[in-house]
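Enquirer: One predicted model, sequence on top.
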Amino acid sequence: MAEHESQKVMTNLITFLSSLLQRVAESNDLNSQFQTQKISVFHGLTPPTISIQSYLQRIFKYANCSPSCYIVAYVYLDRFAQKQPSLPINSYNVHRLLITSVMLAAKFMDDMYYNNAYYAKVGGISTKEMNFLEVDFLFGLGFHLNVTPTTFHTYCSHLQREMLLLQPPLDAADSSLSLGKSLRLHLCFNEDESTSHQKQQLAV
């Protein structure tokens, strides 16, 4: 029974996180027509044919990392986006950013984890490329890997709001569930872990 519940939680987590990343990537794809975006080691020549959700499901199937790793990976992606505004998440880089962030989260959070070569196979890239991605991501984060309990629960709460977005509102007149309000594409939180966490709209 507990295993069934855990599987359900992971299925929901993958659905909500992939939905959020999909919307952010699509929005940044559109903005690339009007804003110059830097090309990085995370960019592919073309967007991968595998969807973000299917890619996350593949990572979940083979990586065997704890559920909390996916929340921490979400935090890392957000920090990267805030620290590297000229490298917004889009359909050309989201998959490589995702596999790198999950790998680093597993290394930071879990007692046991697979090596870079294994994650490279899971992500469909070479070990050499995986190593480069890891180093670039760490420098992009400024090696800021620690995630406080407050930050962790803040991002969990945002994914719960993503759940409300994906489900039909009970009352269209209820402003707290207004689709227009929800679609402001919050991937970011402006982190100030010494004081409080204030939501900040992702500049896309």
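Expert: The structure has been received and is ready for your questions. All values derive from a computational prediction rather than experimental measurement. Numbers count the residues shown, from 1 in each chain.
Enquirer: what's the longest helix in this protein?
Expert: helix 2-31 (DSSP state H).
Enquirer: distance between the helix or strand following that one and the chain's centre?
Expert: Using DSSP states H and E, the helix or strand that directly follows helix 2-31 along the chain is helix 52-63. Centroid displacement of helix 52-63 relative to its chain, using C-alpha atoms, centre = their mean, to the nearest Å, is 12 Å.
Enquirer: what ranges of the protein fall below the confidence cut-off?
Expert: 1-6, 32-38, 165-204 (pLDDT under 70).
Enquirer: so what's Val94 closest to, chain neighbours aside?
Expert: Ala25 (4.8 Å; C-beta to C-beta, 6 or more residues apart in numbering). Every C-beta, even on glycine, is put in place using the N, C-alpha and C of the backbone.
Enquirer: Glu129 reaches Ala120, doesn't it?
Expert: Yes: in this structure, Glu129 is within contact of Ala120 by C-beta atoms under 8 Å, at 6.9 Å.
Enquirer: Looking at the two, which one has more neighbours?
Expert: More neighbours surround Ala120 than the other of Glu129 and Ala120, with 20 against 16 (other C-beta atoms under 10 Å).
Enquirer: so is the more buried one in a helix, a strand, or just coil?
Expert: Following DSSP: H, G, I helix; E, B strand; the rest coil, the label given to Ala120 is helix.
Enquirer: element containing the nearest residue to it once chain neighbours are set aside, please.
Expert: Using C-beta to C-beta, 6+ apart and skipping the chain neighbours, the partner closest in space to Ala120 is Met130 (3.9 Å). Per DSSP H and E, Met130 falls inside helix 127-141.
Enquirer: I'd like the next helix or strand past that helix.
Expert: helix 149-166.
Enquirer: How about stretch 127-137, which residues are buried there?
Expert: 129-130, 132-134, 136-137 (16 or more other C-beta atoms under 10 Å).
Enquirer: and that stretch, how far out from the chain's middle?
Expert: With C-alpha atoms, centre = their mean, you get 17 Å for stretch 127-137.
Enquirer: if I look at the residue nearest the centre of the chain, how far off is Phe16?
Expert: The centre of the chain sits closest to Tyr74, judged by C-alpha atoms, centre = their mean, with a distance of 3.7 Å. Separation of Tyr74 from Phe16 (C-beta to C-beta, to the nearest Å) stands at 10 Å.
Enquirer: try Gln53
Expert: From Gln53 across to Phe16, the span is 10 Å (C-beta to C-beta).
Enquirer: Neighbour count: those two, which is higher?
Expert: Phe16 (20 against 15).
Enquirer: these two touch, right, that one and Arg161?
Expert: No: taking contacts as C-beta under 8 Å, Phe16 lies outside contact range of Arg161: 9.1 Å.
Enquirer: what about Gly44, distance to Thr11?
Expert: Taken as C-beta to C-beta, the span from Gly44 to Thr11 is 27 Å.
Enquirer: Now the longest helix of the chain: buried residues?
Expert: Under the neighbour-count criterion of 16+ other C-beta under 10 Å, helix 2-31 has 13-21, 23-25, 27-29 buried.
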